[in-house]
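Enquirer: Sharing a model that was predicted from the sequence below.
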Amino acid sequence: MSPNLISSAPSALPSRLVPRLSVIASALRHPTPRPRTRVQAARAYAAAPSQAPRRRPAPSEIFNLSNIPLSSFEAVIARNPDHGFSLKPSEYYACVQAFAQELQRGTDPWSLSSSKTIHATACILRQVHRPPSSDALATALWLFASDSTSHRASTLSLARHLILSRSFGKLPPLRRLEARFRQLVSTARDPDALTAEGELLFQQGSFAAAARVLARALQVASASSSDEPAFEWMPYCKLCLARAHLRQHPPRPADAEALLRELAAAGMPEAQEDLADLLRARGGGDGSDARAAEAFAYEAACAGRVGGFARLAEMSLERAAGARGGGGNGKGERERERKDSLRWAAEWSRLADPKAEF
């Protein structure tokens, strides 16, 4: 979510915030694995007496800026010129520096910046790759803005982060934030909140309910006035609605395809992958669906989706299998096609490896 939604000054928080943030950040980084079988469950409960409990990381370890230089903030802002970052990178970096210092000392974060600045700083941190502390700090900043001023954008951003990481409803210290999110959903007037709720329902397997909520989000957005917050998650709403249409009973593939084509035309790689799967499964007799599926998978691959390369490899193998066998005058040509498809399959498979060199 972009940072230009709501601005209000945060107030000081109770002293219990710092340990609560440490617990939350540690839980998000190291989720407790759920035993998959009864035997595994028994082993989990009957741990060896000599096994030492996992040490909880200190705030200085979690909220650490040593691997997050100012240049990483500059790079994120440069990549996103239209995202509403109104301050200099150094000003956002100063915000997180002050915030991290207070957390490392074990004291309350102080009211250095507006909720809008705190939220924007968290959005930048979420786009800083690799250091685990960037996620921990983003979580802490969003929670601070949400707890102190009920900041809408921070509440929604953190709630959706929990949903996509499958942590929603599993962290007791975040129940108040989840309650604020539920309040936004209950109004049925906030399309971004409805989108996150629809994604949660889809994740839980309630596909028809998810489709209803997501359709409501689009309906609300179409009737909203210009002075209301922009529907920033509309593409994700349409993507999840398309997926819900394919999974609900009875399925609605035509509606799903229309949404996916719209998103694919706008350059959304996830929609291009889903559309490739849909067309590939349908498989028109004249081969047009197969060719279109390959084209969409290629577009997704060019956008950096390794799943696009994997799909291209699978389709090349299918084409090689289809060229096998038969006799007559076309045997030599089919054999050349088969070998060519196998060579492409090998190359696409290599590129599907995230560590592959282009």
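Expert: Here it is on my side, so go on. None of these values were measured; they are calculated from a predicted model.

Enquirer: where along the stretch 201-350 of the chain do the helices fall?
Expert: 207-223, 234-247, 253-265, 269-282, 288-302, 306-322, 331-352 (DSSP state H, counting those that start in this stretch).

Enquirer: any chance of the ones you listed in a markdown table, plus mean neighbour count?
Expert: Using the backbone N, CA and C atoms, a C-beta is placed for each residue, glycine as well. Formatted as a markdown table, the helices of the stretch 201-350 of the chain follow (neighbours: other C-beta atoms under 10 Å):
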| stretch | mean neighbour count |
| --- | --- |
| helix 207-223 | 19 |
| helix 234-247 | 22 |
| helix 253-265 | 18 |
| helix 269-282 | 21 |
| helix 288-302 | 19 |
| helix 306-322 | 19 |
| helix 331-352 | 15 |
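
Enquirer: Including mean pLDDT and distance to Leu125, could the ones you listed go into JSON lines?
Expert: Shown next, in JSON lines, are the helices of the stretch 201-350 of the chain (pLDDT from 0 to 100; distance: least, C-beta to C-beta, whole Å):
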{"stretch": "helix 207-223", "mean pLDDT": "97", "distance to Leu125": "27"}
{"stretch": "helix 234-247", "mean pLDDT": "98", "distance to Leu125": "20"}
{"stretch": "helix 253-265", "mean pLDDT": "98", "distance to Leu125": "27"}
{"stretch": "helix 269-282", "mean pLDDT": "96", "distance to Leu125": "23"}
{"stretch": "helix 288-302", "mean pLDDT": "95", "distance to Leu125": "27"}
{"stretch": "helix 306-322", "mean pLDDT": "93", "distance to Leu125": "25"}
{"stretch": "helix 331-352", "mean pLDDT": "91", "distance to Leu125": "30"}
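
Enquirer: any idea how far the residue nearest to Arg247 when sequence neighbours are not counted lies from Leu201?
Expert: Leaving aside its sequence neighbours, Arg247 sits nearest to Phe207 (C-beta to C-beta, 6 or more residues apart in numbering; 4.2 Å). Note on Phe207: its distance to Leu201, by C-beta to C-beta, to the nearest Å, is 8 Å.

Enquirer: before we move on, back to that, quick one: which of the helices of the stretch 201-350 of the chain is nearest Cys123?
Expert: helix 234-247 (15.4 Å; C-beta to C-beta).

Enquirer: Give me the residues contacting the closest one.
Expert: With contact meaning C-beta atoms under 8 Å, 6 or more residues apart in numbering, helix 234-247 is reached by 191, 194-195, 198-199, 202, 207-208, 210-211, 214-215, 217-218, 221, 231, 251-253, 255-257, 259-260, 262-263, 266, 268, 270-271, 274, 278.

Enquirer: Apply 6 Å and report the result again.
Expert: 195, 198-199, 202, 207, 210-211, 214, 217, 252, 255-256, 259-260, 263, 268, 270-271 (C-beta atoms under 6 Å, 6 or more residues apart in numbering).

Enquirer: Now that helix - C-alpha only, PDB.
Expert: Output of helix 234-247 as PDB, limited to C-alpha atoms (Å, rounded to 0.1, in the frame of the first residue of the first chain):
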ATOM      1  CA  MET A 234      -7.700  -3.500  -7.000                       C
ATOM      2  CA  PRO A 235      -5.400  -5.700  -9.200                       C
ATOM      3  CA  TYR A 236      -5.000  -8.200  -6.300                       C
ATOM      4  CA  CYS A 237      -8.700  -8.100  -5.700                       C
ATOM      5  CA  LYS A 238      -9.400  -9.000  -9.300                       C
ATOM      6  CA  LEU A 239      -6.700 -11.700  -9.300                       C
ATOM      7  CA  CYS A 240      -8.100 -13.400  -6.200                       C
ATOM      8  CA  LEU A 241     -11.600 -13.100  -7.600                       C
ATOM      9  CA  ALA A 242     -10.500 -14.800 -10.800                       C
ATOM     10  CA  ARG A 243      -9.000 -17.600  -8.700                       C
ATOM     11  CA  ALA A 244     -12.100 -17.900  -6.600                       C
ATOM     12  CA  HIS A 245     -14.300 -18.200  -9.700                       C
ATOM     13  CA  LEU A 246     -12.200 -21.100 -10.800                       C
ATOM     14  CA  ARG A 247     -12.400 -22.900  -7.500                       C
END
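
Enquirer: Centre of the chain to it, how far?
Expert: Offset of helix 234-247 from its chain centre (C-alpha atoms, centre = their mean, to the nearest Å): 14 Å.

Enquirer: and it with helix 207-223, angle?
Expert: 150 degrees (axes from the mean of the first three to the mean of the last three C-alpha atoms, to 10 degrees).

Enquirer: relative orientation of helix 234-247 and helix 269-282 in degrees?
Expert: 20 degrees.

Enquirer: now helix 234-247 against helix 253-265, angle please.
Expert: Using the same axes, to 10 degrees: helix 234-247 against helix 253-265 is 150 degrees.

Enquirer: quick one: low-confidence parts of the stretch 51-200 of the chain?
Expert: Low-confidence segments of the stretch 51-200 of the chain (pLDDT under 70): 51-61, 106-112.

Enquirer: hey, where'd the helices end up in it?
Expert: Using DSSP H, counting those that start in this stretch, helices in the stretch 51-200 of the chain cover 59-62, 70-79, 89-105, 115-126, 132-149, 152-164, 175-186, 191-203.
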